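Visitor: Give the three-dimensional model of this entry:
(2 chains)
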Protein chains: 2
Amino acid sequence: MMDSPLSASLSMEELHEAWPVLSIDERLEGFRLLPSAVADDFFLGLSAREQAELILHLPTSERRTWVRLLPPDDLADLVQAVEPEAADAILAQLDDASRREVNVLLAYAEDDAGGLMNPRFARVRPDMTIDEAIGYLRKQAREKVETVYYAYALDTEQRLQGVLSLRQLFQAASDKKVADVMHHDVITVSENTDQEVVSQLFTEHGFMALPVLDEQNRMKGIVTVDDIVDVVQEEATEDIQKVGGMEALEAPYFDVGFFGMLKKRIGWLLVLFLGQMLTATAMSSFEGAIQRAVVLSLFVPLIISSGGNSGSQASTLIIRALALGEMRLKDWWRVARREVLSGLVLGFVLGAVGLGRIVVWQEVSGAYGEHAFLLGCAVALSVLGVVTFGTLAGSMLPLVLRRFGFDPASASAPFVATLVDVSGVVIYFTVASLLLRGTLL
Amino acid sequence: MMDSPLSASLSMEELHEAWPVLSIDERLEGFRLLPSAVADDFFLGLSAREQAELILHLPTSERRTWVRLLPPDDLADLVQAVEPEAADAILAQLDDASRREVNVLLAYAEDDAGGLMNPRFARVRPDMTIDEAIGYLRKQAREKVETVYYAYALDTEQRLQGVLSLRQLFQAASDKKVADVMHHDVITVSENTDQEVVSQLFTEHGFMALPVLDEQNRMKGIVTVDDIVDVVQEEATEDIQKVGGMEALEAPYFDVGFFGMLKKRIGWLLVLFLGQMLTATAMSSFEGAIQRAVVLSLFVPLIISSGGNSGSQASTLIIRALALGEMRLKDWWRVARREVLSGLVLGFVLGAVGLGRIVVWQEVSGAYGEHAFLLGCAVALSVLGVVTFGTLAGSMLPLVLRRFGFDPASASAPFVATLVDVSGVVIYFTVASLLLRGTLL
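Guide: The predicted model follows:
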């Protein structure tokens, strides 16, 4: 019956596999071919952007089912992913109570705990018995609560008194009170806690959910660990892209338009290009030396890049350690000492290899003339200096950025490399001038 | 009573805050100062490495409580984090049944679904009524099952028939059968599925847990989303460190010894250093040209680094897109086309800026002599060529590595930069020779 390239007995995995390369019409067609039992799961598994795209291409009559399937936190994400008019069309499908919930969530910044939380959580009263509490939870699950892994005990003012895991609830004797069994010492976050801090709490403590309180200690919702997986992925992607020397994309590669992508890339490239121009300026002040010994210029790329590479390593290490909370600003002195020592050792090894290479090449081909050994020493010493400086600069720069409130990940590999390149030129020619005066120079 | 620097009323957050900088003795002291109600949570929130360290420093009499607090999957991680003798000391604290469970888990590779899974999951029979199932789950929770968010319906051969969320269980009428309510179409993983694939399933579908089956479709355990948060962090850290041009560390910055750290860093630095030596070789074949026009050498760092920077961007983008499953190998042609176009636009912009800079500088200082404009054109054209080549090489290299079964993240920013540097030297001097013959050269 179907003339479509997609078979009529499409499975969820097959559609997922093909999804990234399908056009919107093919996506719609594929989605309709899914058995209805799995279509829900498939829809819930899509990103907010993809859900919005699909909904907006459905006839109005079919939209309501899918919009109402989404919990308020996902709806808020979806509304944020589309144009204002499209957002209104989507919100119009909701009942009044849900629309109010979504609008409350939309008032929070996307990257705050408030923007991540689900306002529908399982609640009990501290004075209920265990059996009453289980009965009450069953009732809530039948209505609209998604997440019943923890039950939160609230007083009449909605202030959080304690928390019970389902396991504790199930383990306890039926006639005990909730207050006897619950944890009183609950770790909470406020509505405005940044999502990076929230995700660190999850990874440190291994929670399944965290309650979100307002300033009056009233409970507003929960952040669940499945949302944190996305946060962690997102933050890591941003950091990796920044480390690679560009602005964070905020969408998958193929979803970013050609010119949008260029905009994210050209900024840093220009900054780095302008910075690199200083290498030309630095070298021009040694033009006389190069004139006298052209052989010196041959090693410029080798020397400056060894500084850039060791700097990239060091900055990347520190950026990640800061992001994971393994290191704080006040550890800077410990880091600096360690990195200077590392730089000296790494620079010594690379310098020795460089000297060896020049000496061997000279034996083989005589390319570097009678002062080859001295030249080799100048290269080796410069590599030692440049690598040590690169390692120190690369490790301190992310800490300095964090200190002044910037994102440490902006100390990208290319940025550090550029910084070190300019100083590398100066170090090299200064060392060479001192060492080779009266011989090559 | 206490003369310790740690106050006697220590909170969980305070200890967490101080933890990374405490010695093992201070950690032990702090841990003992925690109120017993939160000590469990604190202990469970530590990494396997830290749990092991703490346990091994406790007197044998206190070890048992803490060892038995851990579920089998966490115990397996812990045993893998310590020396064999220490592992035996820890396993000796377990009852026989638990030790068997841990030993089964230890047989799996750490990075496989089998190595992540918890063998204690909530099970029901398809022919139970909802009320019977809830009663049965309560009994299991009282014994040792940790995770009761989903109940798995198994037949008598332990083969998976379906799955029910607690919400579905709670929603359903008491006298319905499990088989009437459960999902039949369950997404599962095998024992040997790689953890990166498992974590992609979680992020794509938003699951709380995934069942793990053996080859006979018997259910062996579940992987829960809280373990996936760690996997995602870990994989991102590995990728970021590789992108920064070093081997993945596999432990926090301060936990890696000085020489262990050097070992992770020197390898790539040496490879890159040896690779960079080719720039000296390449430049030496243009020594005559440099001799005639020293001014040419001034722009070598600028030109090659513009290629390196654009290559770093492109490779980082593609590495991350591959890791997130946003792109597959067969998209290579689409990527190549797009990146060549990007490279041409980016190279044109940078080249124009370079030309402008040389022309302006010449007006101001006359530094580049009568052929400054031609020199500027040579630089601009070289930048265009080098950036285009860098962008293309940077984007294709991760795909090539993946194609041949290597980790795409090995196409690190410094690696791509080195590769492009050598070609950059050749491109620059070739363009200059063609353009400046008869004038500067």
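Visitor: Start from the N-terminal end of the stretch 151-300 of chain A and give the helices.
Guide: A:166-171, A:178-181, A:195-205, A:225-243, A:258-284, A:287-292, A:295-298, A:300-323 (DSSP state H, counting those that start in this stretch).
Visitor: Is there proximity between the fourth one and chain B?
Guide: I take that to be helix A:225-243. Yes. Residues of helix A:225-243 contacting chain B under CB under 8 Å from any CB of the partner chain: A:225-226, A:228-230, A:232-233, A:236-237, A:239-241, A:243. Where C-beta positions appear, they are placed from N, C-alpha and C, glycine not excepted.
Visitor: The residue nearest to residue A:12 when sequence neighbours are not counted: how many residues sit nearby?
Guide: With sequence-adjacent residues excluded and distances taken as CB to CB, 6 or more residues apart in numbering or on different chains, residue A:12 is closest to residue A:38, at 4.8 Å. The burial count assigned to residue A:38 is 19, neighbours taken as other CB atoms under 10 Å in any protein chain shown.
Visitor: what's the helix or strand for residue A:38?
Guide: Take DSSP states H and E as the rule and residue A:38 turns out to sit in helix A:36-45.
Visitor: Measure how the helix or strand following that helix sits relative to helix A:36-45, angle-wise.
Guide: Sequence order places helix A:48-57 as the next helix or strand after helix A:36-45, per DSSP H and E. Angle between the axes of helix A:48-57 and helix A:36-45 is 130 degrees (criterion: axes from the mean of the first three to the mean of the last three CA atoms, to 10 degrees).
Visitor: Please give the centre-to-centre distance between stretch A:220-236 and its chain.
Guide: Chain-centre distance of stretch A:220-236: 12 Å, with CA atoms, centre = their mean, to the nearest Å.
Visitor: likewise stretch A:274-281?
Guide: 31 Å.
Visitor: Equivalent analysis for stretch A:391-410, please.
Guide: Here stretch A:391-410 shows a centroid-to-chain-centroid distance of 17 Å under the convention CA atoms, centre = their mean.
Visitor: Could you check that stretch against chain B for contacts?
Guide: No. Using CB under 8 Å from any CB, stretch A:391-410 stays clear of chain B, coming no nearer than 9.0 Å.
Visitor: Enumerate the positions of that stretch that are buried.
Guide: Residues A:391-399, A:401-402, A:407-410 are the ones in stretch A:391-410 that count as buried (16 or more other CB atoms under 10 Å in any protein chain shown).
Visitor: Stretch A:182-200 now?
Guide: Buried residues in stretch A:182-200 (16+ other CB under 10 Å): A:182, A:183, A:186, A:187, A:188, A:189, A:191, A:193, A:195, A:198, A:199, A:200.
Visitor: Quick check: which of those are also close to chain B?
Guide: Within the buried residues of stretch A:182-200, those near chain B by CB under 8 Å from any CB are A:183, A:187, A:199.
Visitor: TSV please, covering these and showing pLDDT.
Guide: Output for those, formatted as TSV (pLDDT from 0 to 100):
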residue	pLDDT
A:183	87
A:187	87
A:199	87
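Visitor: Quick check: mean pLDDT of stretch A:153-169?
Guide: Per-residue pLDDT over stretch A:153-169 has a mean of 88.
Visitor: Give me whichever of the helices of the stretch 151-300 of chain A is most buried.
Guide: helix A:300-323 (a mean of 30; mean count of other CB atoms under 10 Å in any protein chain shown).
Visitor: Sticking with residue A:418, tell me its helix or strand.
Guide: Using DSSP H and E, residue A:418 falls in helix A:413-436.
Visitor: and that helix with helix A:300-323, angle?
Guide: Going by the same axes, to 10 degrees, helix A:413-436 makes 140 degrees with helix A:300-323.
Visitor: which other residues reach the helix holding residue A:38?
Guide: Helix A:36-45 is contacted by residues A:11-12, A:15-16, A:31, A:34, A:51, A:54, A:66, A:69-70, A:74, B:183-185, B:204-206 when judged by CB atoms under 8 Å, 6 or more residues apart in numbering or on different chains.
Visitor: From those residues, list the buried ones, please.
Guide: Looks like those have A:12, A:15-16, A:31, A:34, A:51, A:54, A:66, A:70, A:74, B:183, B:204-206 buried, using 16+ other CB under 10 Å.
Visitor: Quick check: which ranges of the stretch 1-150 of chain A have low pLDDT?
Guide: Within the stretch 1-150 of chain A, the stretches with pLDDT under 70 are A:1-9, A:144-148.
Visitor: Show me where it has its strands.
Guide: A:121-124, A:147-154 (DSSP state E, counting those that start in this stretch).
Visitor: got JSON lines for those strands, with mean neighbour count and distance to chain B too?
Guide: Output for these, formatted as JSON lines (neighbours: other CB atoms under 10 Å in any protein chain shown; distance: least, CB to the nearest CB, whole Å):
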{"stretch": "strand A:121-124", "mean neighbour count": "23", "distance to chain B": "10"}
{"stretch": "strand A:147-154", "mean neighbour count": "22", "distance to chain B": "5"}
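Visitor: Adding distance to residue B:368, write those out as TSV.
Guide: Rendered in TSV, the data for the strands of the stretch 1-150 of chain A read as follows (distance: least, CB to CB, whole Å):
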stretch	distance to residue B:368
strand A:121-124	69
strand A:147-154	68
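Visitor: how far away is residue A:268 from chain B?
Guide: 8 Å (CB to the nearest CB, to the nearest Å).
Visitor: wait, doesn't that residue sit right on residue A:411?
Guide: No. Residue A:268 is not in contact with residue A:411 according to CB atoms under 8 Å; the separation is 11.8 Å.
Visitor: which residue does the stretch 101-250 of chain A bring closest to chain B?
Guide: The stretch 101-250 of chain A approaches chain B most closely through residue A:244 (2.4 Å), counting by CB to the nearest CB.
Visitor: tell me the contacts of that residue?
Guide: A:412, A:413, A:414, B:243, B:312, B:313, B:315, B:316, B:317, B:413.
Visitor: let's see it at 10 Å
Guide: Each residue near residue A:244 by CB atoms under 10 Å, 6 or more residues apart in numbering or on different chains is listed here: A:265, A:268, A:409, A:412-414, B:240, B:243-244, B:309, B:311-320, B:394, B:412-413, B:416.
Visitor: burial count for residue A:324?
Guide: Residue A:324, neighbours per other CB under 10 Å, totals 18.
Visitor: Looks like it contacts residue B:241 (just checking).
Guide: No. If you go by CB atoms under 10 Å, residue A:324 and residue B:241 don't touch, sitting 11.4 Å apart.
Visitor: For the nearest residue to residue A:210 once chain neighbours are set aside, give me its contacts.
Guide: Distances taken as CB to CB, 6+ apart place residue A:223 nearest to residue A:210, at 5.1 Å, with adjacent residues excluded. Listed by CB under 10 Å, 6+ apart, the contact partners of residue A:223 are A:73, A:113-118, A:189, A:193, A:195, A:198-199, A:201-202, A:207, A:209-212, A:231.
Visitor: mind redoing it with 7 Å?
Guide: A:113, A:116, A:117, A:198, A:209, A:210, A:212 (CB atoms under 7 Å, 6 or more residues apart in numbering or on different chains).
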